[in-house]
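Student: sequence-free structure coming up:
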């Protein structure tokens, strides 16, 4: 059910609750949560805080901001004291001095340490202040028996303190601090992964990485059905919204809310209001998003790269040709966009992280910047034409049999490299792709792709995949001989662990709907909806 705009996300909540409960049994598992902006990371934490009530665990949610170390210190201490005094029956005020005065009766040792830290930051001292703040959790535990869970949202903003030794000092503290659990959250996925593997390798060796993904297709459709209950919205329209947003919870909500307000208005009209009109919520959002790098040295190159990707020309070699750049120079530009999480790279392909931003860039911003007319009506017509073509292509594709769509996809391969389900794959250019009927109970539709380098045999199974399907397919594949044979089964259903293990034994690759749609994304083709 949708309650207070929170939907689904149960598995993430359960994992966090389990790790926090382990803290009471002296088992500490720190957690790093990463995910795209607006994917719902903070909403998960707020739901966790709402659910969790334990007198022996103090939950400290601290948002790391672009601020001074002194401001952060005062805010951190105030949050700790407010949380500690929350169940004391004392009338609380959001005032640090008031809270400290009330708390020193219960935690005199910790209160003295707080005074020392506040005195230090007032005098401008910076050394060790951050670790002294975190050490307050240990002091509190010694005085009260309460363990702390420190939740640091957008923790990468701590770097604004300009303290080169910040992570090194934190590492030393973490090794000794057994009663405090940390949950760090970041929208900077590239940056966080880099820190986890390099700067934080000692500090975060025992951090469990949780990646918050957008809603899957099924959850997205359930969300829309719930939000749009009572409205006459077709299944095709809902499917397109899911494809258009990629299951991003924020965009699903914004579009659904706009449809509710607009009544029977067409989706094209609603998206025009959001993306095209100057006061549109998403138009304003993406203008702000662009401002992150418009004033940078190579902003023209960055925009050209992003437009090329948004327009479906997303292979590194193609972008180098379009921009007339040597690969080395281009990789420097791409490195910045990757580090800023504006794009992601997979082998030879690039993709804009935010698919709705990519659409806006192509059909709103770029058209506006390069328009030869100043008429808003003309821009609106061009926008609606682009959107209607996208919808038409989506609906046309959705009505094709899956084996036909796979045939079209295989014919687009041009010897690119791509990683699918943690396997690096060369997408050989096939000189022949043809239909092959297996006449097997579970697997009737099959394709065979021949190139000089490899032979691909691909079975298509819209329904659930079984171990018997794997065995039957493997036996059929033995009829074909090639030094480099790829055996692949595509299914639209989740694959259970036993079936995956059987596929591993038989050296059969299994692609589920998520892997398939990822592949379709890189070739700028509409999703398959199950």
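Tutor: Perfect, thanks for sending it. Source: prediction; values computed, not measured.

Student: so where's the chain uncertain?
Tutor: Residue ranges of the chain with pLDDT under 70: 1-5, 199-206, 371-374, 439-441.

Student: and the longest helix for it?
Tutor: If you go by DSSP state H, the chain has its longest helix at helix 376-398.

Student: now do that one: which elements does it pack against?
Tutor: helix 235-245, helix 267-271, helix 366-370 (3 or more Cβ pairs under 8 Å, 6 or more residues apart in numbering; DSSP states H and E). For every residue, glycine as well, the C-beta is placed using N, CA and C.

Student: out of those, nearest to residue 445?
Tutor: Relative to residue 445, the nearest member of the helices and strands packed on helix 376-398 by Cβ to Cβ is helix 235-245, separated by 22.1 Å.

Student: ok, then the element right after that closest one?
Tutor: Per DSSP states H and E, the first helix or strand lying C-terminal to helix 235-245 is helix 249-262.

Student: for that next one, name the packing helices and strands.
Tutor: Secondary-structure packing of helix 249-262 (3+ Cβ pairs under 8 Å, 6+ apart): helix 217-227, helix 235-245, helix 267-271, helix 281-290.

Student: residue 434 is in what secondary structure piece?
Tutor: Counting by DSSP H and E, residue 434 is part of strand 432-437.

Student: the very next helix or strand once past that strand packs against which elements?
Tutor: For strand 432-437, the succeeding helix or strand toward the C-terminus, using DSSP H and E, is strand 445-450. Packing contacts for strand 445-450, counted by 3+ Cβ pairs under 8 Å, 6+ apart, involve helix 402-410, strand 432-437, strand 455-461.

Student: got the contact list for residue 446?
Tutor: If you count contacts by Cβ atoms under 8 Å, 6 or more residues apart in numbering, residue 446 has them with 403, 435, 436, 437, 438, 457, 458, 459, 460, 476.

Student: scan these and report the most crowded one.
Tutor: Counting neighbours by other Cβ atoms under 10 Å, residue 459 comes out on top of the contacts of residue 446 with 29 neighbours.

Student: beta-bridge partners for that one, please?
Tutor: residue 446, residue 489 (DSSP bridges).

Student: distance of it relative to residue 488?
Tutor: 7 Å (Cβ to Cβ, to the nearest Å).

Student: again with residue 183
Tutor: According to Cβ to Cβ, residue 183 stands 38 Å off from residue 488.

Student: repeat that for residue 110.
Tutor: 60 Å.

Student: next one: the longest helix of the chain to chain centre, how far?
Tutor: 27 Å (Cα atoms, centre = their mean, to the nearest Å).

Student: what are the contacting residues of it?
Tutor: Outside helix 376-398, the residues touching it (Cβ under 8 Å, 6+ apart) are 236, 239-240, 243-244, 267-268, 271-272, 275-276, 359, 362-364, 367-368, 371, 373, 405, 525-529.

Student: which residue sits closest to residue 144, ignoring its sequence neighbours?
Tutor: Excluding its sequence neighbours, the residue lying closest to residue 144 (Cβ to Cβ, 6 or more residues apart in numbering) is residue 107, at 6.5 Å.
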